[in-house]
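>>> Below are the sequence and a predicted model for it; my questions follow.
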Amino acid sequence: MKNNKKSLFGLPQKVIHCKKCLMTNQKPFSMNESKNNDNQKIGMKIFSDGICAACKYSENKDHLIDWKKREKLLQKTLDKFRRTDGRYDCIVSGSGGKDSSSVSHILKYKYNMNPLTVTFSPILYTDIGWKNIRAWIQTGGFDNILFTPNGKVSSVLAKEAFKNLLHPLQPFKFGIKTIAAKMAIKYDIQLVMFGEPYAEYGSQDTDDTLSPSYNEEWFINDSNNIFLGGLSINEIKKKYSWISKNDLSTYLPLKSKDLKNKKLSVEFLGWYLKWNPQEMYYYAVENCGYNPDNQRTDGTYARYVGVDDKFEWLHFFCSYIKFGIGRCRFDACQEIRSGHITREEAIKLCKKFEGEYPKRYIDDCYKFMGLNKKEAMKIIDNFRSPHLWKKINNKWVRLQELKEII
Ligand SMILES: [Zn+2]
């Protein structure tokens, strides 16, 4: 079918599926969200052999990387930062999910580091999410600072991010990226350790994976053009006169000068140690009392990824609308790369679950943002890019159905 409609998000007009997994060139890169005022994205690369950047990264993990050498480098890095005088020597930021639980546990109990764990609270904790953060602290055994931003402000920002970008978690995601560095400065800690490199999911250029460091470009913004939820700071203050710049400071990016003379290293443990999401899940269960959800997540078959915030359900549904990539596909592609399922099995799973309406917590999310379902659905439909969606007989149909790619 010839389709001359352009992507609303600056992504390629022609959708290409990776030949190895099911990810497409519509998968956007991670970006510094404080610079996001027009929702324009760079999509993941599919190479000339038809294989996507995430699969290439996975192949390198299996064949090219000398993991013994990388672990020695890790020892060296940790030796440089380790403290034995009672002060914290590294920060692990997370909500108590499988990755942050595993990273902190490995650092503390395998490598004798003294991590401070930091949590930027999910917008709306699920019961299982709350149980898991408590298990992380109590069973895993960590000091933790739970930072919970002003609920009135986060409600407004989630709503604006939903209306302007169809990305209700955007301010929260940016908060997570910055809080670890902000806390490191506050506590005079020089190492921040995240888990898996973004390249694992094709959210980062593969060239960026030559070093273990997190790209500072993602949380520093020295310009005065700072956006939250698609609005500039001045636009927010004008629209909501009760919000001051103080109220927004939690969400603001760092400036280069904040890090001057600080020697802060922000790194990925998954660069040093071979990262397998499923193994990290088992590790977190065994060592930190991590619990999977008691039912599968709407939109997928899995029940242990991203289950701590009620907004995650809506977030992945928004991804399905904007990019044609639903929650099931993220899970299934990861499992193809890990060798747990075949591409054919993944297609079957996606046909069954992808794009399922996230009914479980959606009313709570709409209520938090002060929207009713009708208003919310209207907003959602505004983001159906014409190169991905067409209304046929009053029903939205995705143009690139999976049956076409087998
Ligand atoms: Zn792929």
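Sure thing, it's come through.

>>> Stretch 188-204 vs the ion: in contact?
No - between stretch 188-204 and the ion, judged by CB under 5 Å from the ion, nothing touches; the nearest distance is 7.3 Å. For glycine as for every other residue, the C-beta is placed from the backbone atoms N, C-alpha and C.

>>> report the longest helix in this structure, please.
For the chain, the helix that runs over the most residues, judged by DSSP state H, is helix 170-186.

>>> Please identify the buried residues of it?
Buried residues in helix 170-186, defined by neighbour count with 16 or more other CB atoms under 10 Å: 170-172, 174-184.

>>> Then stretch 266-286?
Using 16+ other CB under 10 Å as the test for burial, stretch 266-286 gives 266-273, 275-277, 280-281, 283-285.

>>> between those residues, which is nearest Lys14?
The closest of the buried residues of stretch 266-286 to Lys14 turns out to be Pro277 (CB to CB; 29.8 Å).

>>> Return the lowest-mean-pLDDT helix or strand in the chain as CSV; C-alpha atoms alone will do.
Ranked by mean pLDDT, DSSP states H and E, the weakest helix or strand in the chain is helix 256-259, scoring a mean of 88. What follows is helix 256-259, C-alpha atoms only, in CSV (Å, rounded to 0.1, in the frame of the first residue of the first chain):
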residue,chain,number,x,y,z
SER,A,256,27.6,22.5,33.5
LYS,A,257,28.8,24.8,36.3
ASP,A,258,27.0,22.5,38.8
LEU,A,259,29.4,19.8,37.9
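
>>> pretty sure Ser58 contacts Arg337?
Yes - between Ser58 and Arg337 there is a contact under CB atoms under 8 Å: 4.1 Å.

>>> coming back round to it: the least confident helix or strand of the chain: which residues count as buried?
So helix 256-259, judged by 16+ other CB under 10 Å, has buried residues Leu259.

>>> Next secondary structure after that helix?
The C-terminal neighbour of helix 256-259 among helices and strands, as given by DSSP states H and E, is strand 265-268.

>>> coming back round to it: comparing Ser58 and Arg337, which shows the higher neighbour count?
Between Ser58 and Arg337, counting by other CB atoms under 10 Å, Arg337 is the more crowded of the two (26 against 23).

>>> give the contact list for the nearest residue to Asn37 once chain neighbours are set aside.
Closest residue to Asn37 apart from its sequence neighbours, by CB to CB, 6 or more residues apart in numbering: Phe227 at 4.5 Å. By CB atoms under 8 Å, 6 or more residues apart in numbering, Phe227 lies in contact with Glu33, Ser34, Lys35, Asn36, Asn37, Ile233.

>>> same thing with Glu345?
Residues in contact with Glu345 (CB under 8 Å, 6+ apart) are Ala332.

>>> Can you get me a residue count around Met369?
By the measure other CB under 10 Å, the count of residues near Met369 is 24.

>>> contacting residues around it?
Contacts of Met369 (CB under 8 Å, 6+ apart): Ser155, Ala158, Lys159, Phe162, Pro168, Ala376.

>>> List the beta-bridge partners for the residue nearest to Asn37.
Counting by DSSP bridges, Phe227 is bridged to Ser232.

>>> buried set for stretch 328-344?
For stretch 328-344, by 16+ other CB under 10 Å, it's Cys328, Arg329, Phe330, Asp331, Ala332, Cys333, Gln334, Glu335, Ile336, Arg337, Ile341, Arg343.

>>> now do the same end-to-end measure for it.
End-to-end span of stretch 328-344 (CA to CA, to the nearest Å): 14 Å.

>>> Identify all contacting residues around it.
18, 20-23, 54-55, 58, 200-201, 276-278, 299-302, 305, 316, 319, 345-346, 349-350, 352-354, 356, 406.

>>> What of stretch 259-272?
Looking at stretch 259-272 with CB under 8 Å, 6+ apart, the contacting residues turn out to be 70-71, 73-74, 77, 81, 103, 106-107, 180-181, 184-185, 190-197, 200, 209, 211-214, 216, 220, 275.

>>> Please, where are all the strands along the stretch 301-406 of the chain?
In the stretch 301-406 of the chain, the segments counted as strands under DSSP state E, counting those that start in this stretch are 389-392, 395-398.

>>> could you dump those strands to CSV with mean neighbour count, mean pLDDT and distance to the ion?
What follows is the strands of the stretch 301-406 of the chain, written out as CSV (neighbours: other CB atoms under 10 Å; pLDDT from 0 to 100; distance: least, CB to the ion, whole Å):
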stretch, mean neighbour count, mean pLDDT, distance to the ion
strand 389-392, 13, 92, 23
strand 395-398, 12, 92, 19
